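K.L.:
Fold the following.
(chains A, B and C)
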Amino acid sequence: MKNYLVTTDFSTEYLNGLIESALKIKSGEVRNKPLDGKSIALVFFNPSLRTRASMQVGIYELGGNAVILEPGGTSWTLEHRDGVVMDGNKTEHLAEFVRVLERYVSAIGVRTFAELKDWETERTDPILNAFAKYATVPIINLESAMHHPCQSMADMMTIREKLGAGRKKVLMTWAWHPKPLPMAVPDSFALAAAQFGHDLRIVHPKGYELDDALIAEIEKQSAANGGSVEFTNDVHSAFDDVEVVYAKSWGGKQFYGDTDKDIEFRTGLRNDWIVDEQKMARTNNASFMHCLPVRRNVIVTDGVIDSANSVVIDEAENRLHIQKAIMSELIK
Amino acid sequence: MKNYLVTTDFSTEYLNGLIESALKIKSGEVRNKPLDGKSIALVFFNPSLRTRASMQVGIYELGGNAVILEPGGTSWTLEHRDGVVMDGNKTEHLAEFVRVLERYVSAIGVRTFAELKDWETERTDPILNAFAKYATVPIINLESAMHHPCQSMADMMTIREKLGAGRKKVLMTWAWHPKPLPMAVPDSFALAAAQFGHDLRIVHPKGYELDDALIAEIEKQSAANGGSVEFTNDVHSAFDDVEVVYAKSWGGKQFYGDTDKDIEFRTGLRNDWIVDEQKMARTNNASFMHCLPVRRNVIVTDGVIDSANSVVIDEAENRLHIQKAIMSELIK
Amino acid sequence: MKNYLVTTDFSTEYLNGLIESALKIKSGEVRNKPLDGKSIALVFFNPSLRTRASMQVGIYELGGNAVILEPGGTSWTLEHRDGVVMDGNKTEHLAEFVRVLERYVSAIGVRTFAELKDWETERTDPILNAFAKYATVPIINLESAMHHPCQSMADMMTIREKLGAGRKKVLMTWAWHPKPLPMAVPDSFALAAAQFGHDLRIVHPKGYELDDALIAEIEKQSAANGGSVEFTNDVHSAFDDVEVVYAKSWGGKQFYGDTDKDIEFRTGLRNDWIVDEQKMARTNNASFMHCLPVRRNVIVTDGVIDSANSVVIDEAENRLHIQKAIMSELIK
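P.N.:
Numbers count the residues shown, from 1 in each chain, chains lettered A, B, ... in the order given. Next up, the predicted model:
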């Protein structure tokens, strides 16, 4: 594969190899500079801390030069649909944006969140896929409408570091948030957990089901890799005996286009769905994970995120190492 | 010349030398790092893709360090007029901005679009010239109110690459756009085409005449360099037999300060002034050029910009190479 | 000290050593690259020219890589208070922001202006101190609510360069500005002048007194370092015989939270408090200093800032050199 768009484009063996490389980079055993003399574009449609900082640092440490563009801010607004008569509010077409940019750089990283407006459109990841369609250089997904494969690989690396290689009991739990958020992180975490053969339990309130096709893919990957998948709506018993608690809030797909309806629907879910000490006590001494940013005392209590079981900072650090491994592999 | 503000500050011989250098840089024959250890400031009053990315990459490839500032955004708002009592909305004077910045960097690139407000003021390029006035380090024009000489030199380089050296039949055509745009690109393209001795035809609707003094300079340069200049308002016959079609929309100088009037005035021009397959068929197999960003199916049809005759991506790539040549020459 | 937050965390001897180092860096005698392979985060809550440019250039010249983040812009909005239930408009807690960032970088520079809202809160520099609390890597104060120690050390270096080492007669004068500004610069200048044993005179209108605890610290440092401190409200006689005039506007601490009241209170002060040729004539051929940005003909007349006695550009240049000295010392 030329691009790094979703983990399911790669075999578990390949993904394991990326983690091996990332561990060697982290330990200092590998210090190569494969990007020496090369520039990498980072295109941010949305804000970012970890991605922005870790990509810049990673590119520098690999010997390269990061060039950051913010469409609609420092750079032009972008149209991605084919055949459009561009007499509206978009100034440049992705066809030109990508084809020009790749004359200057060796790869393009893209962050483009879901707008939570039109589920049938956004579930196809149209902007990310337009980048991939027009580009001949590698496109690296830095979180798209539907996937965040750099995050999920940092997650898999962190589980391996903390708990050792092999099959673990992993809970992904929905959490209440004041407004609906995209599904990229839960989608990618669930897929990667399935690809790595973990026993994955997903708990969310009724109404917050993942995409049907995605669920089918999770189940397929899980079966193929010797793991299991279980869906439940019981937030308390879901924590029983798990070794990893992965918290994340997301919006309901049926509410795309109507934020207020989602906010109203989730009224009353707040207190039950926060990750707190009581829930963590039901686990098998589980590690607490979250992709960050996280709203303290909303998604998770201070007590849990500040506990010894919280691995969120290591998880964020691993973004750097896994992304260096991915770039080293893809950018020639 | 210390600065790179307009191509007419330089002889055709000098400009040809820049293209020679850029071609050697592009081929890889020249790989010098004249900016090693040096920082270059890039001051963006306006958004940018090509300029922002190609300058950052070019500076890196020449061994230097790009420092980006956005007055009014990441940096302070700037006053450029002398003697002003600064009790309004501008926080810093260019006199200090430039004199401080040049203590840190070896050259300053500036992007500052026309505001389309006051023709008599903007035609003098006041902000660009204030930078030049206060600076002792080279100022590089990355598109000012009236000129875009990095673009026009990339254009001349592209014509030479595609059609060979020597005199060509070149059409610059106005195109309809939903709102008035600055004249920097058409001004600089026409001047450079004249300096390179091309046979230049300029077609635009009545009401979109270029600046009188600029026209005089185009005619002078053309005569001095063995070319010709022709102005017409007939958008169809203008395409006959030309070897290059250079499309660009711009606003009428009499409408500066009244955008709505320009928009009303151009009503009805849209269909006639788009560059489409029919018009291109009248040419001598012409290359299609545009500085980008371009609104597809408004300025030019998908059919033309996606055709084999379209050289817009190569043209944008050449921005990188010519700017590296310019910086190598000016920054010591 | 791990951090560079306020100059009073350091002895005068240490601070003098920083100036010695900065002078050697400026002369080219020292050209070390102690940041080779290291990344430094620069976190800007507010706009900046000198800090942004000089830090980027300084880091590059020391061999390192600057990573810029703008919370609320390119990066997430940040909460700094402990124990908060984050269901408001802040997306990420500083506890995570800092702890993640320091996994990627070797030091963090922070610019975070006073909001001029709540004096009792802001006088404690809560955001800067939260960075320091959560970080294990050095935190460098690039101007906080109450201090600007990079500026004040560049100021001390400039006085030494222009007037030689030793005790000087230094005036810090309030000036009228259309709106209230933070006190960071006057606080830090006064502290540093006291630490360096200068004879410091501070003149401001009644109602613009500095913080009581800060005044006590200034007096303590002055006594300990063989200097003197004098406060006055007579803007004319204050200029008599001084060797340095340091102009700066600031807001009254009693007006925090009520900008309009401060603006009303300062009505009528404008003409008396501008630094002009008449006032400068009363000095002992004093150097004119200002941290910049400065509003010309509001804070200072064109005649004074453009005179041979104005050292504002050298002062701004010294920001680069002293910051390189500070980073070389702190970042291992």
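
K.L.:
any idea what A:Val98 is structurally, helix, strand or coil?
P.N.:
helix (DSSP: H, G, I helix; E, B strand; the rest coil).

K.L.:
Who are the contact partners of the residue of chain A found nearest chain B?
P.N.:
Using C-beta to the nearest C-beta, the closest approach of chain A to chain B is made by A:Glu92 at 3.4 Å. Glycine gets a C-beta too; all of them are placed from N, C-alpha and C. Counting by C-beta atoms under 8 Å, 6 or more residues apart in numbering or on different chains, A:Glu92 makes contact with A:Trp76, A:Thr77, A:Leu78, A:Glu79, B:Leu49, B:Leu292, B:Pro293, B:Val294.

K.L.:
List only buried entries from the residues you listed.
P.N.:
The neighbour-count criterion (16 or more other C-beta atoms under 10 Å in any protein chain shown) marks A:Trp76, A:Leu78, A:Glu79, B:Leu49, B:Leu292, B:Pro293, B:Val294 among the contacts of A:Glu92 as buried.

K.L.:
now the strands for chain A?
P.N.:
Ranges of strands within chain A are A:39-44, A:65-69, A:78-79, A:92-93, A:107-111, A:139-141, A:169-174, A:199-203, A:228-232, A:244-248, A:287-289, based on DSSP state E.

K.L.:
which regions of chain A lie under the pLDDT threshold?
P.N.:
Low-confidence regions of chain A, defined by pLDDT under 70, are absent; no residue qualifies.

K.L.:
who's in contact with A:Arg31?
P.N.:
Shown here is A:Arg31, whose contacts under the criterion C-beta under 8 Å, 6+ apart are A:Ile25.

K.L.:
Next: A:Ile140.
P.N.:
Contacts for A:Ile140 (C-beta under 8 Å, 6+ apart) come out as A:Asn3, A:Tyr4, A:Ala107, A:Ile108, A:Gly109, A:Val110, A:Cys150, A:Gln323, A:Ile326, A:Met327, A:Leu330.

K.L.:
same question, A:Val203
P.N.:
Residues in contact with A:Val203, defined by C-beta under 8 Å, 6+ apart, are A:Leu171, A:Met172, A:Thr173, A:Trp174, A:Phe231, A:Thr232, A:Asn233, A:Asp234, A:Val235, A:Ala238.

K.L.:
Tell me how far the closest residue to it other than its chain neighbours lies from A:Ala216.
P.N.:
Using C-beta to C-beta, 6 or more residues apart in numbering or on different chains and skipping the chain neighbours, the partner closest in space to A:Val203 is A:Ala238 (3.7 Å). Distance of A:Ala238 to A:Ala216, given as C-beta to C-beta, to the nearest Å: 22 Å.

K.L.:
Have a look at those two and say which one is more surrounded.
P.N.:
Neighbour totals were compared for A:Ala238 and A:Ala216, and A:Ala238 leads with 23 against 10 (other C-beta atoms under 10 Å in any protein chain shown).

K.L.:
quick one on the thing from earlier: beta partners for the residue of chain A closest to chain B?
P.N.:
In this structure, A:Glu92 has the following beta-bridge partners (DSSP bridges): A:Leu78.

K.L.:
Pick the one among the contacts of A:Ile140 closest to C:Lys38.
P.N.:
Relative to C:Lys38, the closest of the contacts of A:Ile140 is A:Gln323; by C-beta to C-beta it sits at 18.2 Å.

K.L.:
how much space between that closest one and A:Gln151?
P.N.:
Computed as C-beta to C-beta, the A:Gln323 to A:Gln151 distance reads 10 Å.
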